[in-house]
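Q: Here is the input, now give the coordinates:
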Amino acid sequence: MIGIRAVEAPWGPVHVAADADGVIALEVMTTLEAFEGSVRRRLPGEPIVDDARHTLDPAARHQLGAAVDAVEAYLDGRPDRLAALRYALHGLTDWDRLVLDGVRAIPWGEVTSYGRLAERIGRRGSARAVGGAVGRNPIGLLVPCHRVIAGDGSLGGYGGSWLGDRDALLAVKRTLLTLEGAWAGVGTVGWTTFGARYG
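A: Below you'll find the predicted structure:
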């Protein structure tokens, strides 16, 4: 059984889904219907319940509660709980898992480009394919795809699109990076071994 809950954020709801294995979906700027639809496509046949109206099994309830607490803490500038959450990338390809494991390793307060991420996971020259996998990330914030930007130092893109246009989504990405101290504007950066800090 999968439980879902929404967390209020400055730009709208952050929808979270979890089962006994951990967080299975976390999306910003999406409607409840679109969020449930994406979870159903990845996990057909699994019952999905709104945690506010139904009783989950204790393990799923624990995972969902921990995720909600962690997202709220993240929005207050405290990432430690988010980094400690269990998650499950159900229904993804091996390629997507490889890329998202690389995204997960980007530290708080740093960014990297699609091309550098491709190099980091041993797939130099596959920036476009990396971008596709990053765009399919079902667990935003927890797997911090907002920390992946364009090679020229601009924001690039950001997932979602259900509740806003491209500019609205990029505003959320900018807000998240600013919250983490990784963004002060567009420009050329000095890349570190992994990523870069904008200052």
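
Q: center of the chain, which residue is that?
A: Per C-alpha atoms, centre = their mean, the C-alpha nearest to the average position across the chain is that of residue 140, at 1.1 Å.

Q: Next, the buried residues of the lengthiest helix in the chain.
A: The single longest helix within the chain, with elements called by DSSP state H, is helix 58-75. Within helix 58-75, the residues scored as buried using 16 or more other C-beta atoms under 10 Å are 60-61, 63-68, 70-72, 74-75. C-betas here are computed from N, CA, C, even on glycine.

Q: now, which of these sits nearest residue 100?
A: The closest of the buried residues of helix 58-75 to residue 100 turns out to be residue 67 (C-beta to C-beta; 16.8 Å).

Q: how much space between that closest one and residue 183?
A: Per C-beta to C-beta, to the nearest Å, residue 67 is found 25 Å from residue 183.

Q: swap in residue 90?
A: Residue 90 sits 31 Å away from residue 183, going by C-beta to C-beta.

Q: Which one of the two is surrounded by more residues?
A: More crowded of residue 90 and residue 183, by other C-beta atoms under 10 Å: residue 183, with 22 against 16.

Q: Specify the local secondary structure of residue 107.
A: With DSSP: H, G, I helix; E, B strand; the rest coil as the basis, residue 107 sits in coil.

Q: count of neighbours near it?
A: By the measure other C-beta under 10 Å, the count of residues near residue 107 is 17.

Q: And residue 170, by the same measure?
A: 17.

Q: Show the contacting residues for residue 20.
A: Shown in contact with residue 20 (C-beta atoms under 8 Å, 6 or more residues apart in numbering): 57, 59-60, 63.

Q: still on that earlier bit, wait, doesn't the residue nearest to the centre of the chain sit right on residue 28?
A: Yes. Counting by C-beta atoms under 8 Å, residue 28 is a contact partner of residue 140 at 5.8 Å.
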